[in-house]
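A.B. asks: turn this into a structure:
(chains A and B)
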Amino acid sequence: MKPRDSMDLAEAVKAATSPFNVIGLGTKLNLGRPVSAPPLDLSNFKGIVAYEPEELILECGAATKLSDVEKLLSAQNQMLAFEPPNYASILSAKHAGSIGGALACNLAGPRRLKAGAARDHILGFTGVNGQGEIIRAGARVVKNVTGYDLPRLMAGSYGTLMTFTSVIFKVLPKPETEQTCVLADRDVSLAVAHMAQVLATGVEVSSAAYVPKHGTYLRIEGIKASVKARIDMLHAEMKLREVLPAVRSRKLWQELRDVQPLADQNEQQIWRIVMPPSETAEFLAALPFAHDYYLDWAGALTWLAAKPGADVRRYMKSGVATLFCADEAARAKTDVFHPQAPELAALSVRVKNAFDPHRLFNPHKMYREF
Amino acid sequence: MLRMPEPDQSVLARRVEIVTAMRRIVPHASVIESPTQMRPYESDGLTAYKQLPMLVVLPETTAQVSAILEYAQAHNVKIVPRGAGTSLSGGALPLEDGILLGLAKFNRVLDIDFTNRCVVAQPGVTNLAITKVVEHNGFYYAPDPSSQLACTIGGNVAENSGGVHCLKYGLTTNNILGIEMVLMTGEVLRLGGKFCEQAGYDLLAVMTGSEGLLGVVTEVTVRIIKKAETARAALIGFPSNESAGQCVADIISAGIIPGGMEMMDKPAIHAAEAFVHAGYPLNVEALLIVELDGPQVEVDHFLARVEKIATANKSKTLRVSNSEAERTLFWAGRKAAFPAVGRISPDYICMDGTIPRKKLPEVLKGMAKLSKKHRLAVANVFHAGDGNLHPLILFDANKEGELARAEEFGADILRLCVKVGGVLTGEHGVGVEKRDLMDTMFNPVEMEQQLRIKCAFDPKNLLNPGKVYPTLHACAEQGRMMVRGGALPHPDLPRF
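C.D. replies: Here you go, the predicted model:
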């Protein structure tokens, strides 16, 4: 099924008697629990509807390629500040995917520390719910509290609530330049402490990561004079091993964004774990199985590779863990997304029913219950 | 005046019984039932609307809130949650047959966590109090609604409050990490925590700005950030609203995101200057305050560029703050704009539409026409960076028909905002004030979709009914299954 336009999509959903595997550009098919249903191909919903740099607004078809969006914005020195990652290599996909997919998966890169995730930049969308009704939510304005916040609810819903045909995002100016300061940390506790220490200064780092055996990375973005002044401030605060110039800095953060440090872990599963930074070191120390990892978001995000079946969640005090990369059989039998408390799980089912009462969209992709 | 749902006489008849039940849950004095003592609760910041509740209950623990809601659910009693009562849209307006659930006793900061850069607070803690407990280390909580001295963090969550700095730092929804909340069933849920994600759907986003219709928030975890090294402001006068508007667009196009960017029109400038003597130029049509914050060198660099852009847009006056005192003075007039207008007019109502910024001249012209049509004056303050307009309509409630005319004027302004691609409310919420205008933005299908979310949280429609959505509707109807070709779809699936 490949609808031509919104009306066509609405008709297809209305007439449906069995569920769909909702697909934009098909780059996240290996993310989440496997969906066994024929595809609902939304790739026709592409193209720019409106781009107004001076209004900081971009509206485009949900299936517009992220790379096309980034090219367009870049020409005006703007960007999607949440820095959508390209998981192609770890999810066996062809490219980074679509902007609608970035919303559905609530993507966020290393700049989350400063700029947030897709959910912090989405302003509106048009889509079709599970009853085949066309719904428009939000608007081309950056500030809006009229009614429930449907656009943000769509972030991280993995196509289980609505199918999107177009999206409206807030865009922001690109920093003029960037550099990265490297600390020679060899110990994860020390690295997390250093990252917290830096975030308590006026240096305004936009990303902070730790890669074992390599050290702690602190990204500083802005105009040239400001970047230089802030690196001087950091020098005064702590011992820097080196400072990476713009080209190397960009390459580094792109690699960390795209999980390249763990990309060749073929036999392993990859987990994406978010927890309070203060709990990260203890969590890692408690793991009784062999693992590779690195930290982003000043220690709030752990990317971890471990043998299949490793029970990562057992060692977490709080936070959420997602089994991000695993073969289909494993994703079918494991809780890919973090289990919810019973009351929350029941509420989630009711929210699902509010949008898709016949369970047409991506059945069981997030949880067994729906 | 807007109509509220008809009171349920069978509930009013059970009032004594309900009071007794509440006193089994909270201490005797925490249930207020005399009209005199309930008087402070009869309205919120939208003072044109007043209604005494059936009774006021002031719980102080989550367990008490849970027990109160469970009772209300079982006995079909409506609940109106209230923080500090500063809402400008009537979100906390009581119902004659409802319990006013005051959360003022939830006033403790529970955890100050610099390592994870967050604060855990009870919902009755004020917005500014959160900054007060962390500022000794140079941190603060970013959203700064103008009522921040009085408004509570729980109310901020309910309204998704903004402030003058939200273009750069975001609204409440971008600055909270987690909540504890209670559903009408009494079930206690936790969404998020001291980290930036949730298990499952982003229900924290739905709760934020839900205006007390979905659940009662009993604890909030907010993100705190380090205060910028420095902040400086430019005060720029323009010969026309158009040139000021163009200056704003040019600043943004140049890649500059100011910490705050405020615009005032001539009536607002004059009212503010007469009140606080901030040194505002009186011979200009529009005034911009552009504040840059960040590292010193960056602030100086961008300010120099802002000056150039302003000059290119024919600015008539331009002053840049050279001290913290001067910066504060620039802001004093803007921050006092509402009371300043209150001085020149017996009454005013404050509207809150958001528009695409480039439509500002068109909307201001339209507003001038409407001002003639309704024979009432209007002053404008404008969060220019994010297109959020606050027209202040001046009227005298003691004059026959003026309130009604002011409300009609306000509604016309909001219709105009929607017509140019904007929205009814940028930060004050819909409440009762804009409830009956919701159909200018949403068609019936879109409205139904939103009401189905309400049903997922509060199927009996007992939590703050009559607010935000113009129609009350029965949720049972939503639960019906569509039968196609004689068979239920997916008969293998469990149905809830």
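A.B. asks: who are the neighbours in contact with the closest residue to residue A:122 other than its chain neighbours?
C.D. replies: Distances taken as C-beta to C-beta, 6 or more residues apart in numbering or on different chains place residue A:151 nearest to residue A:122, at 4.5 Å, with adjacent residues excluded. C-betas here are computed from N, CA, C, even on glycine. With contacts defined as C-beta atoms under 8 Å, 6 or more residues apart in numbering or on different chains, residue A:151 is in contact with A:122-125, A:137-138, A:168.
A.B. asks: dump these to TSV, plus neighbour count, pLDDT and secondary structure.
C.D. replies: Formatted as TSV, the contacts of residue A:151 follow (neighbours: other C-beta atoms under 10 Å in any protein chain shown; pLDDT from 0 to 100; DSSP: H, G, I helix; E, B strand; the rest coil):
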residue	neighbour count	pLDDT	secondary structure
A:122	27	98	strand
A:123	22	98	strand
A:124	22	98	strand
A:125	23	98	strand
A:137	26	97	strand
A:138	21	96	strand
A:168	24	98	strand
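A.B. asks: of those residues, just say which sits nearest to residue B:270.
C.D. replies: For the contacts of residue A:151, the residue nearest residue B:270 by C-beta to C-beta is residue A:123; the value is 34.8 Å.
A.B. asks: would you check that that closest one makes contact with residue A:168?
C.D. replies: Yes: under the criterion of C-beta atoms under 8 Å, residue A:123 makes contact with residue A:168 at 4.4 Å.
A.B. asks: list the residues that contact both of those two?
C.D. replies: A:57, A:138-140, A:151.
A.B. asks: tell me which of the residues you listed is nearest to residue B:168?
C.D. replies: Checking the shared contacts of residue A:123 and residue A:168 against residue B:168 by C-beta to C-beta gives residue A:57 as the nearest, at 16.5 Å.
A.B. asks: so what's residue 210 closest to, chain neighbours aside?
C.D. replies: Just so you know, I chose chain A. Counting by C-beta to C-beta, 6+ apart, residue A:191 is the residue found nearest to residue A:210 once chain neighbours are left out, at 3.8 Å.
A.B. asks: that was the other one, I meant chain B.
C.D. replies: Using C-beta to C-beta, 6+ apart, the nearest residue to residue B:210 is residue A:148, at 6.0 Å.
A.B. asks: residues near that neighbour, how many?
C.D. replies: 26 (other C-beta atoms under 10 Å in any protein chain shown).
A.B. asks: list the contacts for it?
C.D. replies: By C-beta under 8 Å, 6+ apart, the residues touching residue A:148 are B:206, B:209-210, B:450, B:453-454.
A.B. asks: let's see 7 Å
C.D. replies: By C-beta atoms under 7 Å, 6 or more residues apart in numbering or on different chains, the residues touching residue A:148 are B:206, B:210, B:450, B:453.
A.B. asks: quick one: it from residue A:36, how far?
C.D. replies: Residue A:148 sits 32 Å away from residue A:36, going by C-beta to C-beta, to the nearest Å.
A.B. asks: what segments of chain A are helices?
C.D. replies: A:6-15, A:66-74, A:99-104, A:112-115, A:150-154, A:188-199, A:224-237, A:246-257, A:277-286, A:328-333, A:342-355 (DSSP state H).
A.B. asks: could you dump those to JSON lines with mean pLDDT?
C.D. replies: As requested, the helices of chain A are arranged in JSON lines below (pLDDT from 0 to 100):
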{"stretch": "helix A:6-15", "mean pLDDT": "97"}
{"stretch": "helix A:66-74", "mean pLDDT": "98"}
{"stretch": "helix A:99-104", "mean pLDDT": "98"}
{"stretch": "helix A:112-115", "mean pLDDT": "96"}
{"stretch": "helix A:150-154", "mean pLDDT": "98"}
{"stretch": "helix A:188-199", "mean pLDDT": "97"}
{"stretch": "helix A:224-237", "mean pLDDT": "96"}
{"stretch": "helix A:246-257", "mean pLDDT": "98"}
{"stretch": "helix A:277-286", "mean pLDDT": "98"}
{"stretch": "helix A:328-333", "mean pLDDT": "95"}
{"stretch": "helix A:342-355", "mean pLDDT": "97"}
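A.B. asks: pick the most buried one from those helices.
C.D. replies: Among these, helix A:99-104 has the highest mean neighbour count (mean count of other C-beta atoms under 10 Å in any protein chain shown), at a mean of 29.
A.B. asks: excluding chain neighbours, what is closest to residue A:249?
C.D. replies: residue A:180 (4.0 Å).
A.B. asks: just the strands in the stretch 101-250 of chain B please.
C.D. replies: Under the criterion DSSP state E, counting those that start in this stretch, the stretch 101-250 of chain B carries strands at the ranges B:109-113, B:118-121, B:139-140, B:176-182, B:188-192, B:216-223, B:225-226, B:230-238.
A.B. asks: can you redo the ones you listed as JSON lines with distance to residue A:265?
C.D. replies: Shown next, in JSON lines, are these (distance: least, C-beta to C-beta, whole Å):
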{"stretch": "strand B:109-113", "distance to residue A:265": "33"}
{"stretch": "strand B:118-121", "distance to residue A:265": "32"}
{"stretch": "strand B:139-140", "distance to residue A:265": "38"}
{"stretch": "strand B:176-182", "distance to residue A:265": "30"}
{"stretch": "strand B:188-192", "distance to residue A:265": "29"}
{"stretch": "strand B:216-223", "distance to residue A:265": "32"}
{"stretch": "strand B:225-226", "distance to residue A:265": "35"}
{"stretch": "strand B:230-238", "distance to residue A:265": "45"}
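A.B. asks: quick one on the thing from earlier: format the helices of chain A as a markdown table; extra columns: distance to residue B:286.
C.D. replies: Formatted as a markdown table, the helices of chain A follow (distance: least, C-beta to C-beta, whole Å):
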| stretch | distance to residue B:286 |
| --- | --- |
| helix A:6-15 | 41 |
| helix A:66-74 | 30 |
| helix A:99-104 | 36 |
| helix A:112-115 | 31 |
| helix A:150-154 | 32 |
| helix A:188-199 | 39 |
| helix A:224-237 | 30 |
| helix A:246-257 | 39 |
| helix A:277-286 | 45 |
| helix A:328-333 | 58 |
| helix A:342-355 | 44 |
